[in-house]
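Enquirer: One predicted model, sequence on top.
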Amino acid sequence: MERVARIKSMEAITIDVIRFRLEKPDSIQYKPGQAVDVSIKRKGWENELRAFTFTSLTTDDYLEFCIKTYPDHHGVTEQLRALTTADSFILHDVFGTIEYKGPGLFIAGGAGITPFIAIFKELERTGQVGGNKLLFANKTKADIILNDYFKRLLGGQFINVLSSEEVEGYEHGYVTEALIRKYADAGLKYFYLCGPDPMMNAVEASLHIMGVAEEYIVREQF
């Protein structure tokens, strides 16, 4: 089912991430952590579908997406950066298997944070944030999406890993088995994963070495 949603606002939240807020069609239904195939309502772009994750709550009166753009790429990304509030998105099928199952360690890479944004917003709304941690990997501090929000929400349970710069108070390098062991408290049963496939495959392999059962690893299933 296709639904047209007009853009209400656009805001740059990092150098290459734009937060879009759209009018909310009455028929749209989704759960925190899910995504939707989206195209742009412009001639020649209606059939160019890309998957974006909802970062709004189902209780919000708008739809929100935090979308990473790639200025050096031509195509949909270039079109996204040129959109205005006169434009609309076409929403196609909703999908996604990432959902909250209980306290755990969330491990995200770059734009892979997006399903966790909605999940943590819902945990905040329902008073269930406690007991969860977020391990977030990026190249630089400037790349961290919603840094201030997660600092406020999680405090010391928000751990950042930077691969391209060394900053005091931040881990440096990549999400390794040793780093996961460092922050995986005994009481954290679940591991939530979202990010680039090579990173997530490596993280999942580390979890298997650590003896984490498959049922406690939550990631997108295709």
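Expert: Cool, the structure landed.
Enquirer: Which helix or strand in this structure has the lowest average pLDDT?
Expert: Least confident helix or strand, the chain: helix 76-82 with a mean of 85, by mean pLDDT, DSSP states H and E.
Enquirer: Quick one: distance of that helix to the chain centre.
Expert: The chain centroid and the centroid of helix 76-82 are separated by 19 Å under C-alpha atoms, centre = their mean, to the nearest Å.
Enquirer: Show residues contacting it.
Expert: Outside helix 76-82, the residues that touch it by C-beta atoms under 8 Å, 6 or more residues apart in numbering are 18, 40, 42, 45, 48, 50, 67, 69, 70, 71. From N, CA and C alone the C-beta is placed, and that goes for glycine too.
Enquirer: rerun that using 7 Å as the cut-off
Expert: Helix 76-82 is contacted by residues 18, 40, 42, 45, 48, 50, 67, 69, 70 when judged by C-beta atoms under 7 Å, 6 or more residues apart in numbering.
Enquirer: Does the second one touch residue 89 like I think?
Expert: Yes. Between residue 40 and residue 89 there is a contact at 6.4 Å, judged by C-beta atoms under 7 Å.
Enquirer: re earlier: from the contacts of helix 76-82, which land in strands?
Expert: Counting by DSSP state E, the part of those found in strands is 18, 40, 50, 67.
Enquirer: Could you pick out the buried ones from those?
Expert: Neighbour-count burial (16 or more other C-beta atoms under 10 Å) applied to the ones in strands among the contacts of helix 76-82 gives 18, 40, 67.
Enquirer: now residue 182: how far from residue 133?
Expert: 11 Å (C-beta to C-beta, to the nearest Å).
Enquirer: More neighbours: those two, which one.
Expert: residue 133 (18 against 12; other C-beta atoms under 10 Å).
Enquirer: Contact partners for the nearest residue in space to the more buried one that is not next to it in sequence?
Expert: Spatially, and ignoring its direct neighbours in sequence, residue 133 is nearest to residue 157 (4.5 Å; C-beta to C-beta, 6 or more residues apart in numbering). For residue 157, the contact set (C-beta under 7 Å, 6+ apart) comprises 132, 133, 134.
Enquirer: residue contacts, the second one?
Expert: Applying C-beta under 7 Å, 6+ apart, we find residue 133 in contact with 105, 106, 157, 159, 183, 188.
Enquirer: would you list every one of the strands in the chain?
Expert: 3-12, 17-23, 35-40, 50-53, 62-68, 88-95, 104-109, 133-138, 158-162, 171-172, 190-194, 217-218.
Enquirer: So what's the residue count around the residue nearest to residue 69 when sequence neighbours are not counted?
Expert: Nearest non-adjacent residue to residue 69, counting by C-beta to C-beta, 6+ apart: residue 77, 4.7 Å away. If you count neighbours by other C-beta under 10 Å, residue 77 ends up with 17.
Enquirer: can you tell me how far residue 77 sits from residue 217?
Expert: On the measure of C-beta to C-beta, residue 77 and residue 217 end up 30 Å apart.
Enquirer: any idea of the pLDDT on the residue of the chain most remote from its centre?
Expert: Computed with C-alpha atoms, centre = their mean, the maximum C-alpha offset from the centroid of the chain is found at residue 43, amounting to 28.9 Å. Predicted confidence (pLDDT) for residue 43: 92.
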